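Chemist: need coordinates for the below:
(one chain, ligands or ions: 1)
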Amino acid sequence: MKLETVIPDFKAQSTQGPISFYNWLGDSWCVLFSHPADFTPVCTTELGRIAVHQHEFAKRNVKLLALSCDKLQDHKNWVADIKSYCLDIPGEFPYPIVADEKRELAVKLDMIDEESKDKESEAMTVRALYIISPDHKLKLSMVYPASTGRNVDEILRVIDSLQLTSRLKVVATPANWTPGTKVMILPHVKDEDLPKLFPKGVEKVKMPSGINYVRTTTDY
Ligand code: BEZ
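Modeler: Residues are numbered from 1 along each chain as shown. From the prediction side, this is the model:
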């Protein structure tokens, strides 16, 4: 799916009861993520690690919603396995898992790979992960194959970048950025506006080209 696509509203069955997406999301951000299948090892680690860090998502006003094409009862049974494997999940399993048995959502949300998209019997979703803003727009997409589990620190890191740059529209975060480290000032910002925008200071890096485009700050 293309960035900035409006994710359509949908109704679905989940381990926490029926969900009406827009209503369920309210004013939060969302991490909507698919996994290939229940009762598989890498998926067990992914849903478990994401559950362990649920408080980190909640702190950022992000709701979590998992999805696969398995049956609702399978999701419910599998959750007990995930909790037993990841002993550091506190309390109840913290987020809903959607049962998209007819693959309707998986197809609509582009979560099936090119080779199996027309084979209904191979109903496995890939590891698609969409970060959706409160106005229902797709802000970031990560699509991993079944062979490669995702990294929770990276998911949190990109949420921090998205939320910072949506609040402060004149900066972007550089490679390997983590919160608190320097950010880049966007090229269209005029030098004369910098003191007002970043009173604590800006560093201008001299480049061999002589072009003044690398300007950094930690004032955000
Ligand atoms: C897994 O989660 O381990 C997995 C699922 C489907 C294909 C390959 C691996």
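Chemist: just the residues contacting the helix or strand bottoming out on mean pLDDT in the chain, thanks.
Modeler: Sorting the helices and strands of the chain by mean pLDDT, DSSP states H and E puts helix 104-108 at the bottom, at a mean of 94. The contact list for helix 104-108 (CB atoms under 8 Å, 6 or more residues apart in numbering) reads 8, 10, 12, 34, 67, 69, 98, 100, 111-112, 117, 123, 125. Every C-beta, even on glycine, is put in place using the N, C-alpha and C of the backbone.
Chemist: give me the neighbour count for Glu56.
Modeler: 15 (other CB atoms under 10 Å).
Chemist: that should have said Glu4, apologies.
Modeler: Residues within reach of Glu4, counting by other CB under 10 Å, total 9.
Chemist: pull the residues that contact the longest helix anywhere in the chain.
Modeler: In the chain, taking DSSP state H as the definition, the longest helix is helix 152-167. Helix 152-167 is touched from outside by 29, 31, 49-50, 52-53, 56-57, 60, 62, 129, 131, 133, 139-140, 142, 171-173, 177-179, 183, 220, with contacts defined as CB under 8 Å, 6+ apart.
Chemist: what about that helix, average pLDDT?
Modeler: Averaging pLDDT along helix 152-167 gives 98.
Chemist: off-centre distance for it?
Modeler: 9 Å (CA atoms, centre = their mean, to the nearest Å).
Chemist: buried set for it?
Modeler: For helix 152-167, burial by neighbour count (16 or more other CB atoms under 10 Å) applies to 152, 155-165.
Chemist: now stretch 47-59
Modeler: Within stretch 47-59, the residues that qualify as buried are 47-54, 57, counting by 16+ other CB under 10 Å.
Chemist: can you give me the end-to-end distance of that stretch?
Modeler: With CA to CA, to the nearest Å as the measure, stretch 47-59 spans 18 Å from end to end.
Chemist: briefly note if it comes near the ligand.
Modeler: No. Using CB under 6 Å from any ligand atom, stretch 47-59 never reaches the ligand; the gap is at least 9.6 Å.
Chemist: which residues are contacting that stretch?
Modeler: 31, 33, 35, 63-64, 66, 82-83, 85-86, 88-89, 93-95, 97, 152, 155-156, 159.
Chemist: switch the cut-off to 10 Å
Modeler: Outside stretch 47-59, the residues that touch it by CB atoms under 10 Å, 6 or more residues apart in numbering are 28-31, 33, 35, 38, 62-64, 66, 68, 75, 78-79, 81-95, 97, 129, 149-153, 155-156, 159.
Chemist: what average pLDDT does that stretch get?
Modeler: Confidence over stretch 47-59 (mean pLDDT, whole number) is 98.
Chemist: how far out from the middle of the chain is that stretch?
Modeler: Distance of stretch 47-59 from the chain centroid (CA atoms, centre = their mean) equals 12 Å.
Chemist: ok, now stretch 6-15?
Modeler: Centre to centre, stretch against its chain (CA atoms, centre = their mean), the figure for stretch 6-15 is 16 Å.
Chemist: equivalent analysis for stretch 90-100, please.
Modeler: Relative to its parent chain, stretch 90-100 has a centroid offset of 16 Å by CA atoms, centre = their mean.
Chemist: same question for stretch 41-57.
Modeler: Worked out by CA atoms, centre = their mean, stretch 41-57 lies 13 Å from the chain centre.
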